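Undergrad: Attaching a predicted model along with its sequence, questions to come.
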Amino acid sequence: MNNAQTTTPSRPAAGLLAGKAAVVTGAGRGIGAAAARLFAREGARVLLAARTEDQLKAVTDEIRAAGGTAGYAVCDLADGESVRAAVARAVDLYGRLDIAFNNGATSTPPGPMDQMPEADFDHLCAVNLKGPWLAMSAEVAAIRATAGTGAIVNNSSVGSLAGNPELPAYGATKRALNSLTESAAITYGPERIRVNAIAPGTTMTEMMRAWSDRSPGVVDRLNAHTPLRRAASPDEIAQAAAWLLSDRASYVTGAVLPVDGGMQA
């Protein structure tokens, strides 16, 4: 008689975002690309949106090669028709929209506010504030019409949480985004659409490297004011967004979550 126990093979755990259809803006590089890869690994079907098609195609192909589901739409965040078309593309591809990560943003060279060209200020407002407003408006409509309930995360900045003399207009647009996030959470909470933001600290993206090139030593200086004494990787920021978008954060809305290594502690 064989006394060996017969066991049923364990099934792999469902991904954090299994079954969800997602939009990620600014998905061609940096935090957005990391988020698109992560969301796909966690079971989401992802629509990547950004301005640069070759970057979008490269990340999309990478996700598909790893077994994930992804498509892309070229999108200018400052243009309402372009943003609405990208969200509509996600619904066309996947039949629904459940979650969105509004990550896309732009910056300008550091310096005092009186030295910033007016055109640069207008561009920051168009991309960093108007862009997420356009995106949230389209995403809420798509979630309401398809999935019925869902979640949105906006990518803010630790630079929005205090005065920001080196990047004053950037910090101002992100602080305004925090306010939009909180207002949207109150407005759409009764419909079970959660809206939160994350506020990353120093993160080694292309934007951060460009700042470092213009201001050598800035990363070391920022790290010296960070209890963890290091910068984040884009994936570490994406992990926080994934959790807020998941059902595990089902009672979290209207939050602006610092993901900053303790910089604001």
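TA: Structure received. Small disclaimer: the values here were computed from a predicted structure and weren't measured. Numbering: from 1, shown residues only.

Undergrad: Who are the packing partners of the helix or strand of the chain with the lowest mean pLDDT?
TA: Lowest by mean pLDDT, DSSP states H and E among the helices and strands of the chain is helix 206-214, with a mean of 75. In terms of contacts (3 or more C-beta pairs under 8 Å, 6 or more residues apart in numbering; DSSP states H and E), helix 206-214 is packed against helix 218-224. C-beta: built from backbone N, CA, C; applies to glycine.

Undergrad: Packing partners of the helix it packs on?
TA: By 3+ C-beta pairs under 8 Å, 6+ apart, helix 218-224 packs against helix 206-214.

Undergrad: Mind listing residues that contact the helix it packs on?
TA: For helix 206-214, contacts defined as C-beta atoms under 8 Å, 6 or more residues apart in numbering pick out 29-30, 105, 107, 109-110, 202, 218-219, 231.

Undergrad: Show me which of those residues are buried.
TA: 29-30, 105, 107, 110, 202, 218-219, 231 (16 or more other C-beta atoms under 10 Å).

Undergrad: Name the nearest of the residues you listed relative to residue 65.
TA: Among the buried ones among the contacts of helix 206-214, residue 29 lies closest to residue 65 (C-beta to C-beta), at 17.8 Å.

Undergrad: re earlier: just the ones of the buried ones among the contacts of helix 206-214 in helices?
TA: 30, 218-219 (DSSP state H).

Undergrad: TSV for those residues, including pLDDT and distance to residue 91?
TA: Supplementary listing: these in TSV, determined by pLDDT from 0 to 100; distance: C-beta to C-beta, whole Å:
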residue	pLDDT	distance to residue 91
30	95	26
218	81	41
219	87	40
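
Undergrad: Name the nearest of the residues you listed relative to residue 241.
TA: Distances from residue 241 to these, taken by C-beta to C-beta, are shortest for residue 30, at 12.6 Å.

Undergrad: Is the closest one in contact with residue 232, as I believe?
TA: No: using C-beta atoms under 8 Å as the test, residue 30 is too far from residue 232 to be in contact (11.3 Å).

Undergrad: who touches both of those two?
TA: With C-beta under 8 Å, 6+ apart as the test, residue 30 and residue 232 both reach residue 203.

Undergrad: Tell me which stretches of this protein form strands.
TA: 21-25, 45-50, 69-74, 99-102, 150-155, 193-200, 256-259 (DSSP state E).

Undergrad: Run through who's touching the fourth one.
TA: Taking contacts as C-beta under 8 Å, 6+ apart, the residues outside strand 99-102 that touch it are 17, 20-25, 32, 35, 39, 44, 87, 131-132, 135-136, 139, 143, 150-155, 241, 245.

Undergrad: pLDDT of it, averaged?
TA: What strand 99-102 shows for mean pLDDT is 98.

Undergrad: Can you tell me the strand partners of that strand and which way each runs?
TA: According to DSSP bridges, strand 99-102 forms sheet pairs with strand 21-25 (parallel), strand 150-155 (parallel).

Undergrad: Enumerate the positions of that strand that are buried.
TA: So strand 99-102, judged by 16+ other C-beta under 10 Å, has buried residues 99-102.

Undergrad: same deal with stretch 14-23?
TA: Buried residues in stretch 14-23 (16+ other C-beta under 10 Å): 15-17, 20-23.
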